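S.K.: sequence unavailable; structure follows:
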């Protein structure tokens, strides 16, 4: 299953448009842009995105990209560990 990364159009002034375009070039990601994600406080203050429903935020757009990549790896590792545990049952 591809990780789903969601962006808010109102957050693009933080440079998240560059992050979104970079992720869109990677076929391993499902990237979605919404007009509003309902996180106006975060949207105003810093770059953020949702990764499989979990908020990921950073101080800069470049840092956001790195944190998104890390969140995806972490979620995949957690899913693999859970699958292994379920297989053992």
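M.R.: It's in. Since the structure is predicted, the reported quantities are computational estimates derived from the model, not experimental observations.
S.K.: return the residues in contact with residue 82.
M.R.: Contacts of residue 82 were listed using CB atoms under 8 Å, 6 or more residues apart in numbering, and none were found. From N, CA and C alone the C-beta is placed, and that goes for glycine too.
S.K.: now residue 42: closest residue in space, sequence neighbours ignored.
M.R.: Of all residues not flanking residue 42 in the chain, residue 48 sits nearest, at 4.8 Å (CB to CB, 6 or more residues apart in numbering).
S.K.: quick one: that neighbour from residue 1, how far?
M.R.: 22 Å (CB to CB, to the nearest Å).
S.K.: neighbour-wise, which of those two wins?
M.R.: residue 48 (22 against 7; other CB atoms under 10 Å).
S.K.: what about the helices in this structure?
M.R.: 16-24, 40-45, 61-88 (DSSP state H).
S.K.: could I get the average pLDDT for the first one?
M.R.: In this case it means helix 16-24. Mean pLDDT, helix 16-24: 96.
S.K.: with that, I have no additional questions.
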